[in-house]
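Enquirer: coords please:
(2 chains)
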Amino acid sequence: MLSSITRRGILAIYAVIIIVPLTVVGFGSFKSTQELFAGPFSLPQSLSPGNYAEVIGGQDLGSSFMNSVIVTAISVPLTLFLASLAGYAVSRLKGFMSWAIFGFLVLGMAIPAQANMVPLYVLFGRLGLLDSLAGLVLANLVSTLPIAVFILGGFMRTLPKELYEASSIDGTGPWRTYVSIALPLSAPSIAAAAIFLFVIHWNELLYPLLFIQSPGNRTLPLALLSFQGEFQTDYPLLFAGVILASLPVVVAYVFLQRYFVAGITAGASKG
Amino acid sequence: MSTHTGLPAKRKAPGSPPDVNANKGRRRSPTRVNPALYLFPLPAVAVIAFFLVMPTLQAFQYALTDWNGFSAAFNYVGLDNFIRAFTNDSLFTNALMNNLKFVLLVVIAQTFFSLILALLLTKNSRGSVLLRALFFFPTILSSVSVAFIWKFIYDPNFGLANAVLGGVGLEALQSSYLGNDAQALYWVAVTQVWFHAGQMMVVYIAGLQAIPRELYEAAEMDGANKWQQFKSITWPFVAPATSIVVAYTTVQSFKAFDLILGIAGNPPKQSLDILSTRIYSTFANSEFGYAAAQSIIFMAMIALVTWLQRRLLRLTPKGE
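Expert: Below is the predicted model of the structure:
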């Protein structure tokens, strides 16, 4: 519908708009402020890790990084586990109960996290979960369980029922069937959901902002946000923080790109 | 749903108890549900009931009080919090208007833009696949990271945008961007589109690739030009994708909390305050009851706008 030259032109301009800022940030993380302002597009004069040393050690982004790793490493598998259990049951139960359980779990997608932050804060306070990594794990679980059930349950419902019936004729219990049939067959959708959850949990800002008080319990996005006030225009330092916070997701994206697109699109097409 | 087609007679059988027409009647015992299966969804149901449904219901209760979050005593004030939000709180109405404007801008720009990109990258050539991966990339970054990148682009003194404009002799177009209260929201909308257009492009590509090629060949033989083909084949066929993109973008831009805090600071200045940041500020100010009322208005707004869009999209002609 557009001539080939127009098409190439639009695509090239948009590619530049994506690539240039990212390159400037990458180069800039090795520069001094003066060097960045003098030539934002130029290669850094040296690959001195000074900014990284400052953010990791001096500003303690290292421990925030570890906190993010701990929270995500627990909350993603936990969410997948609970969601796959529920999805499995929904795919095997029949009629009203199946529909009711699925509906109840998935309805939560309609409740934005910002809408119930006040009561959740009060509840977490009563349970002693404020200012703790355990609280962040639980908050991640609560906020993404509905969509995880939606993705996994939706997939498991398409598995042929005969497989389950065959195994129950053999006298295999539902747990064995879950482990040896439902989970392996759902591997593609579990991978997609895992990536989706990883991105969301790794980048989560609202709950840490609400719950965390001690600097030692900050996750990466919260630690980065607190940079903003302190280092208003020290962009090279901010950039080193940005690179550090994005590194795990970017590395995963390079190797698992197919699942990223599948997972994040499945998350989007909840309609 | 397609499994019904084999058993039309059984479906219609009047007065039959519901459990009799369970999928296949030939072997009763193996198809009977093992009661242990009801244990499987229990953890998920408990988590959702206790930490999502209950707090949401509680928000309605808090919304009717003047509770400050700490003292044991509070009063029921009826609908005062809601009345205050709409009639006596310029900060809230300002955030509401900003948010509606932001949603409108982003939905229009992002839907249009992601469709264009998808149209240009529908074919699975190696170049297209590579560019799709590139355009999708910003979506995986954290909002705070994206906010920092764009803070530098928009920096009035040292930023990329003004440097580029100055470099090509367009000094007249230079701006203070976020510093200019009349424009700031527009510039954040640009950032939001840069952030997520690639994600919505992928949704559109899936829709576009499902259109049978023969339709275009037939249309070409009938002498339809490219615009006519778009209008009567492509657009009606991607209508489902459009409604997904519009609905998702709406919710996403209502909730642009992280991006706003990252780009404008906490609390954001008035020209960049949206509903979610306003609720957070009210909460941080220990007005728990009032913050709860604001969150209910927030939920209602999302539901209302989503409903309006569904109606509007249904009005557009669907073609054959």
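Enquirer: ranges for the helices of the stretch 1-150 of chain A?
Expert: A:4-28, A:33-38, A:50-53, A:61-92, A:95-107, A:117-126, A:133-156 (DSSP state H, counting those that start in this stretch).
Enquirer: contacts for the second one, please.
Expert: To tie it back to what came earlier, the one meant is helix A:33-38. Residues outside helix A:33-38 that contact it (Cβ atoms under 8 Å, 6 or more residues apart in numbering or on different chains) are A:28, A:44-45, A:233-236, B:158. In this view, the C-beta of every residue, glycine as well, is placed from N, C-alpha and C.
Enquirer: now A:Leu120: closest residue in space, sequence neighbours ignored.
Expert: B:Pro55 (4.8 Å; Cβ to Cβ, 6 or more residues apart in numbering or on different chains).
Enquirer: so which strand or helix has the one you found?
Expert: helix B:54-62 (DSSP states H and E).
Enquirer: rewinding a little: tell me the contacts of the residue nearest to A:Leu120?
Expert: By Cβ under 8 Å, 6+ apart, the contact set of B:Pro55 is A:116, A:119-120, A:122-123.
Enquirer: now swap in B:Met200 and tell me
Expert: Here B:Met200 is in contact with A:268, B:110-111, B:114, B:245, B:248-249 (criterion: Cβ under 8 Å, 6+ apart).
Enquirer: ok, now with 10 Å
Expert: A:265, A:268, B:110-111, B:113-115, B:117-118, B:136, B:139, B:193, B:241-242, B:244-246, B:248-249, B:252 (Cβ atoms under 10 Å, 6 or more residues apart in numbering or on different chains).
Enquirer: just the pLDDT for it.
Expert: B:Met200 is assigned a predicted lDDT (pLDDT) of 94.
Enquirer: helix, strand or coil for it?
Expert: helix (DSSP: H, G, I helix; E, B strand; the rest coil).
Enquirer: thinking again about what came up before, export the helices of the stretch 1-150 of chain A to a markdown table and tack on mean pLDDT and mean neighbour count?
Expert: Output for these, formatted as a markdown table (pLDDT from 0 to 100; neighbours: other Cβ atoms under 10 Å in any protein chain shown):
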| stretch | mean pLDDT | mean neighbour count |
| --- | --- | --- |
| helix A:4-28 | 93 | 15 |
| helix A:33-38 | 87 | 16 |
| helix A:50-53 | 86 | 17 |
| helix A:61-92 | 95 | 22 |
| helix A:95-107 | 91 | 16 |
| helix A:117-126 | 92 | 20 |
| helix A:133-156 | 94 | 24 |
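Enquirer: can you tell me which of these is nearest to B:Met221?
Expert: Between B:Met221 and the helices of the stretch 1-150 of chain A, the tightest spacing by Cβ to Cβ is seen for helix A:4-28, at 22.5 Å.
Enquirer: is chain B contacted by that closest one?
Expert: Yes: using Cβ under 10 Å from any Cβ of the partner chain, helix A:4-28 reaches chain B at A:6-8, A:10-12, A:14-15, A:17-22, A:24-25, A:28.
Enquirer: now that helix: how far from the chain's centre is it?
Expert: How far helix A:4-28 lies from its chain's middle: 26 Å, per Cα atoms, centre = their mean, to the nearest Å.
Enquirer: what do you get for stretch A:215-222?
Expert: The chain centre lies 16 Å from the centre of stretch A:215-222; the measure is Cα atoms, centre = their mean.
Enquirer: correct me, but B:Leu91 touches B:Thr282?
Expert: Yes: look at B:Leu91 against B:Thr282 with Cβ atoms under 10 Å: they come within range, at 8.6 Å.
Enquirer: residue ranges with poor pLDDT in chain B?
Expert: Low-confidence segments of chain B (pLDDT under 70): B:1-32, B:315-320.
Enquirer: longest helix of it, counting residues only.
Expert: helix B:90-120 (DSSP state H).
Enquirer: tell me where the model's unsure across the stretch 101-250 of chain A.
Expert: Ranges of the stretch 101-250 of chain A meeting pLDDT under 70: A:230-231.
Enquirer: how about the strands in it?
Expert: In the stretch 101-250 of chain A, no segments count as strands under DSSP state E, counting those that start in this stretch.
Enquirer: so B:Ser243, which of the three states?
Expert: Classification of B:Ser243 using three-state DSSP returns helix.
Enquirer: could you do B:Ile211 as well?
Expert: coil.
Enquirer: neighbours around it, how many?
Expert: When neighbours are counted by other Cβ atoms under 10 Å in any protein chain shown, B:Ile211 registers 15.
Enquirer: any idea how far it lies from B:Ile205?
Expert: Counting by Cβ to Cβ, to the nearest Å, the gap from B:Ile211 to B:Ile205 is 11 Å.
Enquirer: next, show the common contact partners of the two.
Expert: Both B:Ile211 and B:Ile205 are in contact with B:122, B:238, where contact means Cβ under 10 Å, 6+ apart.
Enquirer: how about A:Leu197: what's its closest non-neighbour residue?
Expert: According to Cβ to Cβ, 6+ apart, the nearest residue to A:Leu197 is A:Val76 (4.7 Å).
Enquirer: same thing with A:Leu185?
Expert: Of all residues not flanking A:Leu185 in the chain, A:Leu159 sits nearest, at 5.6 Å (Cβ to Cβ, 6+ apart).
Enquirer: do I have it right that the one you found meets A:Glu165?
Expert: No: A:Leu159 is not in contact with A:Glu165 according to Cβ under 10 Å; the separation is 11.6 Å.
Enquirer: what residues are shared contacts of those two?
Expert: By Cβ under 10 Å, 6+ apart, the residues touching both A:Leu159 and A:Glu165 are A:Arg92.
Enquirer: just the buried members of the contacts of B:Met200?
Expert: Using 16 or more other Cβ atoms under 10 Å in any protein chain shown as the burial test, the contacts of B:Met200 include A:265, A:268, B:110-111, B:113-115, B:117-118, B:136, B:139, B:193, B:241-242, B:244-246, B:248-249, B:252 as buried.
Enquirer: hey, where'd the strands end up in chain B?
Expert: Taking DSSP state E, chain B contains no strands at all.
Enquirer: burial measure for residue 255, as a count.
Expert: Since you didn't name a chain, this refers to chain A. Neighbours of A:Phe255 (other Cβ under 10 Å): 9.
Enquirer: you answered for a different chain; I wanted chain B.
Expert: Neighbour count for B:Lys255, taken as other Cβ under 10 Å: 21.
Enquirer: tell me the contacts of it?
Expert: A:112-115, A:206, B:99, B:274-276, B:298, B:302.
Enquirer: Throw those into a markdown table and include distance to A:Ser64 and neighbour count, thanks.
Expert: Converted to a markdown table, the contacts of B:Lys255 look like this (distance: Cβ to Cβ, whole Å; neighbours: other Cβ atoms under 10 Å in any protein chain shown):
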| residue | distance to A:Ser64 | neighbour count |
| --- | --- | --- |
| A:Pro112 | 26 | 20 |
| A:Ala113 | 21 | 19 |
| A:Gln114 | 23 | 25 |
| A:Ala115 | 27 | 26 |
| A:Leu206 | 16 | 21 |
| B:Asn99 | 30 | 26 |
| B:Ile274 | 26 | 30 |
| B:Leu275 | 28 | 29 |
| B:Ser276 | 23 | 26 |
| B:Phe298 | 29 | 23 |
| B:Ile302 | 31 | 22 |
